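> show me the folded form of this:
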Amino acid sequence: MDGTALDNPTLYRQLVGGLVYLTVTRPEIAYLVHVVSHFLLAPHTTHYAVILWILIGTIFQGLYFFTQSSSILQAHADADWAGDPTDCHFTIDYYIFLGDSLVSWRAKKQTFIAQSSIEAEYRALIDPSTKVIAICWILEDLGTTQSFSTNLYCDNGSSIHIVHNNIFHEQTKYIENDCHFVQ
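You can find the predicted model right below:
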């Protein structure tokens, strides 16, 4: 472990607790707070430095909500295949915008291991797809409907190619259900 153990970890624990509370209004730091909360039992000086970076380094960052924007719904999804070096699990995150305003987001470490980056990306596309459907139903109940489909953005070229290719091969058989759902 890098750094030395803190003599009195109480301040570290109080700062992490405050940051957990702060994630209600600052969701962009939620994952960082999740990671530093793993070290509450025995924090080191490097962990404390990360806490200070979160507090000071992100002070001018934030989410902005606009009152006058379009009603176009769009979603962005991503996954980091085998992103956790300790257990090879991956984290998915997505963001859904209604016009310029962020209306839904999530970052979650998965409980299983993806066999490929394509599988991880497809798993990341399923959550926002279901959330977009729910948001469309809510908008419909409010009297606002979209006459076009919602754009779902993904940065994995192989995943995008498979969406446009309706022929599944043996190598992609294990994600066929996910592919049909996302399409």
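> pretty sure Val36 contacts Leu55?
No - using Cβ atoms under 8 Å, Val36 makes no contact with Leu55, being 11.0 Å away. Every residue, glycine included, has its C-beta placed from N, CA and C.
> higher neighbour count, these two?
Neighbour count, other Cβ atoms under 10 Å: between Val36 and Leu55, Val36 has more, with 22 against 14.
> how about that one, what does it touch?
Counting by Cβ atoms under 8 Å, 6 or more residues apart in numbering, Val36 makes contact with 16, 19, 47, 50-51, 54.
> then Asp93 would be within a strand, right?
Yes - according to DSSP: H, G, I helix; E, B strand; the rest coil, Asp93 belongs to a strand.
> okay, and the beta partners of it?
When assigned by DSSP bridges, Asp93 has beta-bridge partners Asp78, Ala107.
> and the pLDDT for it?
pLDDT, the model's per-residue confidence, is 81 for Asp93.
> max-length helix in this protein?
Using DSSP state H to define each element, the chain has its longest helix at helix 117-141.
> and the helix or strand just after it, what does it pack against?
The C-terminal neighbour of helix 117-141 among helices and strands, as given by DSSP states H and E, is strand 151-154. Of the remaining helices and strands, those touching strand 151-154 by 3 or more Cβ pairs under 8 Å, 6 or more residues apart in numbering; DSSP states H and E are strand 73-80, helix 117-141.
> show me which positions of strand 151-154 end up buried.
152, 154 (16 or more other Cβ atoms under 10 Å).
> strand partners (parallel or antiparallel) of that strand?
Strands that pair with strand 151-154, judged by DSSP bridges, come out as strand 73-80 (parallel).
> related to what we said a few turns ago, Throw the contacts of Val36 into TSV and include neighbour count, pLDDT and distance to Leu98, thanks.
Output for the contacts of Val36, formatted as TSV (neighbours: other Cβ atoms under 10 Å; pLDDT from 0 to 100; distance: Cβ to Cβ, whole Å):
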residue	neighbour count	pLDDT	distance to Leu98
Val16	21	93	32
Leu19	20	90	27
His47	23	91	37
Val50	16	90	33
Ile51	20	91	33
Ile54	20	88	28
